[in-house]
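J.: quick one: sequence and predicted model below, then my questions.
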Amino acid sequence: MNEGDQAARQDEAETLAQIGRCLFVQDLRIRVTLPAALAIGASVAWARDDLGNDEGESDSARSMRHQAGSLALIGLAVDERGVPTAGGQIEVEIDAWQIGSDLDAADQRGLLNELYRPERDT
């Protein structure tokens, strides 16, 4: 990659970070519906004690630790605000920024392939 491209990416990454800063102070809670088994799994992750040493961990291990932490935060939301639905699912308000972590984890594992997002009325 040439220096011009590198500088452009660095500027774009900074702009993205500034957008994140602006969004962080806004109310970003959204209501989502999860299968009960996944909601329970998140709740279990929140309850688990994690006293592991992360010193010298690989990039892959660090990414997995961050994903486990994101799952635990969803578990906290499930414990505090989760509401069972008639269809055997759990409705819960979570922070929108957690959605990005969830989608990134699913994408990394190829779980989004061949799925289609619902159309939105505009």
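T.: That came in fine, so what should we check first? Numbers count the residues shown, from 1 in each chain.
J.: in this protein, which spans are helices?
T.: Using DSSP state H, the helices of the chain run over 3-24, 36-47, 59-81, 96-108.
J.: looking at these, spot the one closest to Ile30.
T.: helix 96-108 (5.2 Å; Cβ to Cβ). The C-beta positions use only the backbone N, C-alpha and C, and glycine is treated the same way.
J.: follow-up on the earlier one: can I get the helices of the chain in a markdown table including distance to Gln89 and mean neighbour count?
T.: Below are these laid out as a markdown table (distance: least, Cβ to Cβ, whole Å; neighbours: other Cβ atoms under 10 Å):
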| stretch | distance to Gln89 | mean neighbour count |
| --- | --- | --- |
| helix 3-24 | 27 | 10 |
| helix 36-47 | 6 | 17 |
| helix 59-81 | 11 | 16 |
| helix 96-108 | 16 | 14 |
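J.: pipe the ones you listed into TSV and attach mean pLDDT and distance to Arg117 per row.
T.: Shown next, in TSV, are the helices of the chain (pLDDT from 0 to 100; distance: least, Cβ to Cβ, whole Å):
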stretch	mean pLDDT	distance to Arg117
helix 3-24	89	21
helix 36-47	95	19
helix 59-81	91	20
helix 96-108	87	10
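J.: redo these as JSON lines? Include distance to Leu115.
T.: Output for these, formatted as JSON lines (distance: least, Cβ to Cβ, whole Å):
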{"stretch": "helix 3-24", "distance to Leu115": "25"}
{"stretch": "helix 36-47", "distance to Leu115": "16"}
{"stretch": "helix 59-81", "distance to Leu115": "19"}
{"stretch": "helix 96-108", "distance to Leu115": "9"}
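J.: among those helices, which is nearest Gly88?
T.: Going by Cβ to Cβ, the one of the helices of the chain nearest Gly88 is helix 36-47, 5.5 Å.
J.: list the helices and strands that closest one packs on?
T.: helix 59-81, strand 89-95 (3 or more Cβ pairs under 8 Å, 6 or more residues apart in numbering; DSSP states H and E).
J.: show me how far it is from its chain's centre.
T.: With Cα atoms, centre = their mean, to the nearest Å as the basis, helix 36-47 stands 14 Å off its chain's centre.
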